[in-house]
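Asker: Task: produce atomic coordinates for the following.
(one chain, ligands or ions: 1)
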Amino acid sequence: MPAAQAFLDIAGAPEPKVRVKVLLPLPAGNGYDYAVPDGMIVGPGDFVVVPLGPRKVIGVAWGDEADGSVPDAKLKEVVGVLDAPPLSADVRDFVDWVAAYCVSPRGVVLRLVMRSGSALEKARGKSAFVPAESPPLELKLTEKRRAVLKAARPGRPMTAAQLAKRAGVTEAVVRGLAQAGALRVVELDPDPAFDPPDPDLPGRALSDDQAAAVRALSQKVRASGFSATLLDGVTGSGKTEVYLEAVAEALRADEGAQVLVLLPEIALTLPFLERIEARFGAPAAAWHSGMTSAARRRVWKRVADGGARLVVGARSALFLPYTNLKLIVVDEEHEAAYKQHDGVLYHARDMAVARGARQGFPVVLASATPSLETLANVEEGRYGRVELPSRFGPAELPDTQVVDMRASPPDKQRWLSPPIVERTTEVLRRGEQVMLYLNRRGYAPVVLCRKCGERMCAPDSDTWLVEHRYTNRLVCHHTGFSMPKPEACPHCGAHDSLSPCGPGVERVAEEAQERWPDARVEIFSSDTVQHAGAARSLLERMTAGEIDILVATQAAAKGHNFPGLTLVAAVDADLGLAGGDLRAAERTYQVLSQVSGRAGRAEKPGSVMLQSYQPEHPVIRALAGQDRDGFLAAELDGRRSLGFPPYGRLAALVLSGENEAKLMETAQTLVQAVPHADGVEVWGPAPAPLYRLRGTYRVRFLVKTARRVSVQNVLGAWLSRVKLPSSVRCTVDVDPYNF
Ligand code: ADP
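Answerer: Numbers count the residues shown, from 1 in each chain. As a prediction, the model looks like this:
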């Protein structure tokens, strides 16, 4: 700069401030400009502390250009930069993409990444002790002190508690020795790295089919670059064994590679983690909602600095700050549990594929009953397919029999039909196990007053209260509201008139225990296995043959191998077929095949019985005839002819509010602004499922577009034409489930 000009700058306007755009993990806004003070360096992806009103919040320096809309004079300054690895460009790009796809503010998606915010706090490690290099010359040595010095190891710091335990003394003795200078205090790393998995440990001997599948997947992994492959194998075919070899291949290919295995349920993770540890000689980093915050912080940090190479987690593990992600496996890709139901309404399987596509790595989707979305992608050549057509070893797929309930009705107030009772008796006599499947928690789904006809509902809601006998309460399964079962009908006051209608698992278990008094009957549902430990102990007892009849909801449908289980009976196979949900048939098919897949997984052949009042329904017929592909092809045809996903795009727009009149008025305003364009259809407003919940009303529009039309753009244009009152909340759900 010429001297004269520099002089002018000093004399005239001040130098413009250096700006940075900071995205905050908050619903509002798209990022704000902040000034970078002199001497501070802020790079893209850095975690920074900035003022927001009276608060200080942690955000991320985003790659975007600062927008310059706030004048220099009003600009707030970045307070500091955290000493943490910056959020990689890949993760930032992923956040931007997910936000655009889900029509969600970027800050809310960033919150998914930063949710374990404590990860950014400095954690203090515990104190531990090692022998001092130069112990004091004059040390008073007692018997106890000697024991401690003998137990202490130079290379292995131990906490006071550990050391005291080994030496059989109290912690005070250990601390006394440290004070005297005979032990040195070191601080343990609060977030130790994970032992690296060893891909070269020998895996199991594979069958020919499995070996061929491993070769096909490994080739995709070695090819690097994006690919999506469906690993399509019947239950018990060894999909897990196969994809673990693909994981090994990815870990082998690159020393710093990170791999993510997504699972739909936490109940599955414990046995699964043991399988991983057996294969790779080191535990994987597990990630799910039930973790302590210290465990979360450790995984988050180690993923961010590459010290966790193999992550096994529920859907939110997708948003960990990977630095070098090279493969994602989505197990049970068809599972509805991959869809997030609040906040950002993303589908983890789809986001996993999107992430692979954007960042150029392979994605493997494993299932015995693939989703129609994935099948359509296979048919259209976008995804590859690798098949495992038969069960591993001698196990055969079970034969399936439909019990026509019209011809073989159960006794009054009973739920098991004569053919099922008969078969169960036989199976129990042989010392084998039975699973009675009913996807309904509690004792009875409805409680009705026999005097006045009142159905017990949750307060200010349209949901029925479910009777739970074990706790003797009535529970709303949507809001968690519960109350003791009243003595008298709250409506008409009649005594002893409230009767349970229909069965839940508790009622079926009651019947089973009455019919087979010597059998050991247990219930597996989210009420009986509220934490992973309980699930595990129940599963272990079932595996060990200590349970004769397991009455189970969907929580037990998947992933487990019970060698003695030879009969699976679905108490109500039709449950789930009713209702207007687009995926009702597909999902019922999937879950019933999964449940059926529990039978006969070892040497003993298994069988499946389905109680149905509509045996001619395509889902029931396909299950009976084991015609998966025929059923799925027919479903796909149906979707294609109606232009529904995967052949069209769908989004739901839900308005909710406590003031019903205001809500309706707002819905009408939206009707006025409905976009009319080729390939766009809008339906609604209609009452959303659960129209009234805890005093909040909900109405819904559905937007269907042709595949070539961006449903996000349509929604964006529509919403930009309307100003919503603050009392009405608007939620956009792209690719909605449950409607
Ligand atoms: P899937 O995921 O397809 O249902 P799994 O991977 O869980 O199947 O395998 C089913 C059962 O067969 C498991 O008990 C598994 O340990 C066993 N299995 C599968 N492949 C092998 C193999 N190659 N060697 C030994 N056992 C195997």
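
Asker: Phi first, then psi, for F631.
Answerer: Taking degrees, to the nearest 10, you get phi -60, psi -50 for the backbone angles of F631.

Asker: number of nearby residues for the closest residue to it other than its chain neighbours?
Answerer: Distance criterion Cβ to Cβ, 6 or more residues apart in numbering; nearest residue to F631, sequence neighbours excluded, is A622 at 3.3 Å. C-beta here means a position set from N, CA and C on the backbone, and glycine is covered the same way. A622 has 22 neighbouring residues, counting by other Cβ atoms under 10 Å.

Asker: do the one 3 residues further on as well
Answerer: One way to gauge burial is a neighbour count; for G625, by other Cβ under 10 Å, it gives 12.

Asker: who touches P419 in this structure?
Answerer: Listed by Cβ atoms under 8 Å, 6 or more residues apart in numbering, the contact partners of P419 are Q401, V403, S408, M609.

Asker: three-state assignment of it?
Answerer: Under the three-state scheme (DSSP: H, G, I helix; E, B strand; the rest coil), P419 adopts helix.

Asker: what helix or strand does R222 sit in?
Answerer: Following DSSP states H and E, one finds R222 within helix 208-223.

Asker: list the buried ones in that helix?
Answerer: Applying a neighbour-count criterion of 16 or more other Cβ atoms under 10 Å, one finds D209, Q210, A213, V214, A216, L217, S218, K220, V221 buried in helix 208-223.

Asker: go on, stretch 416-430?
Answerer: Neighbour counts over stretch 416-430 (16+ other Cβ under 10 Å) mark L416, S417, P419, I420, V421, R423, T424, V427, L428 as buried.

Asker: Name the nearest of those relative to the ligand.
Answerer: Comparing these against the ligand with Cβ to the nearest ligand atom places V427 closest, at 21.0 Å.

Asker: Provide the contact partners of the helix holding R222 at residue level.
Answerer: Helix 208-223 is contacted from outside by 206, 227, 229, 231, 233, 237-238, 241-243, 245-246, 249-250, 253, 326-327, 362, 364, 384, 386-390, 392, using Cβ under 8 Å, 6+ apart.

Asker: could the contacts of P419 be laid out in a markdown table, adding pLDDT, distance to the ligand and secondary structure?
Answerer: Formatted as a markdown table, the contacts of P419 follow (pLDDT from 0 to 100; distance: Cβ to the nearest ligand atom, whole Å; DSSP: H, G, I helix; E, B strand; the rest coil):
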| residue | pLDDT | distance to the ligand | secondary structure |
| --- | --- | --- | --- |
| Q401 | 93 | 22 | strand |
| V403 | 95 | 26 | strand |
| S408 | 92 | 32 | coil |
| M609 | 95 | 21 | strand |
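
Asker: out of these, which is most surrounded?
Answerer: Scoring the contacts of P419 on neighbours with other Cβ under 10 Å, the highest-scoring entry is M609 at 27 neighbours.

Asker: Report the beta-bridge partners for that residue.
Answerer: M609 has the following beta-bridge partners by DSSP bridges: Q401, A569.

Asker: tell me the contacts of it?
Answerer: By Cβ under 8 Å, 6+ apart, the contact list for M609 reads T400, Q401, V402, V403, P419, I420, R423, L567, V568, A569, A570.

Asker: Tell me how many other residues crowd whichever residue of the stretch 251-400 of the chain sits closest to the ligand.
Answerer: At 3.8 Å from the ligand, F392 is the closest residue in the stretch 251-400 of the chain, using Cβ to the nearest ligand atom. Neighbour count for F392, taken as other Cβ under 10 Å: 20.

Asker: same check, this time on S88
Answerer: S88 has 18 neighbouring residues, counting by other Cβ under 10 Å.

Asker: So among the contacts of helix 208-223, which ones count as buried?
Answerer: Neighbour-count burial (16+ other Cβ under 10 Å) is assigned, among those, to 206, 227, 229, 231, 233, 237-238, 241-243, 245-246, 249-250, 326-327, 362, 364, 384, 386, 388, 390, 392.

Asker: Look up the closest residue to V299, ignoring the ones flanking it.
Answerer: V299 sits nearest to A285 (Cβ to Cβ, 6+ apart), 4.7 Å away.

Asker: Now the phi/psi pair for the one you found, please.
Answerer: phi -80, psi 120.

Asker: what about the residue of the stretch 451-600 of the chain found nearest the ligand, which SS state?
Answerer: For the stretch 451-600 of the chain and the ligand, the shortest gap (Cβ to the nearest ligand atom) falls at N561, measuring 4.4 Å. What three-state DSSP gives for N561 is coil.

Asker: correct me, but it touches R601?
Answerer: Yes. Using Cβ atoms under 8 Å, N561 makes contact with R601 at a distance of 5.0 Å.

Asker: Neighbour count: those two, which is higher?
Answerer: Shown here are N561 and R601; by other Cβ under 10 Å, R601 has more neighbours (24 against 16).

Asker: what are the phi and psi values for V595?
Answerer: phi -60, psi -50.

Asker: I'd say it and A569 touch.
Answerer: No. When contacts are counted by Cβ under 8 Å, V595 is not listed as touching A569 (9.5 Å).

Asker: Neighbour count: those two, which is higher?
Answerer: Between V595 and A569, A569 has the larger neighbour count (other Cβ under 10 Å), namely 29 against 25.

Asker: got the contact list for that one?
Answerer: Residues near A569 by Cβ under 8 Å, 6+ apart: L416, I420, R423, T424, V434, M435, L436, Y437, V608, M609, L610, Q611.

Asker: Try it again at 7 Å.
Answerer: Listed by Cβ atoms under 7 Å, 6 or more residues apart in numbering, the contact set of A569 reads I420, V434, L436, Y437, M609.

Asker: What of V113?
Answerer: Counting by Cβ under 7 Å, 6+ apart, V113 touches V91, V95, F319, P321.

Asker: Among these, find me the one that's closest to G68.
Answerer: When the contacts of V113 are compared for distance to G68 (Cβ to Cβ), V95 wins out at 22.4 Å.

Asker: Distance-wise, check that closest one relative to the ligand.
Answerer: Here the criterion is Cβ to the nearest ligand atom, to the nearest Å. By it, V95 lies 32 Å from the ligand.
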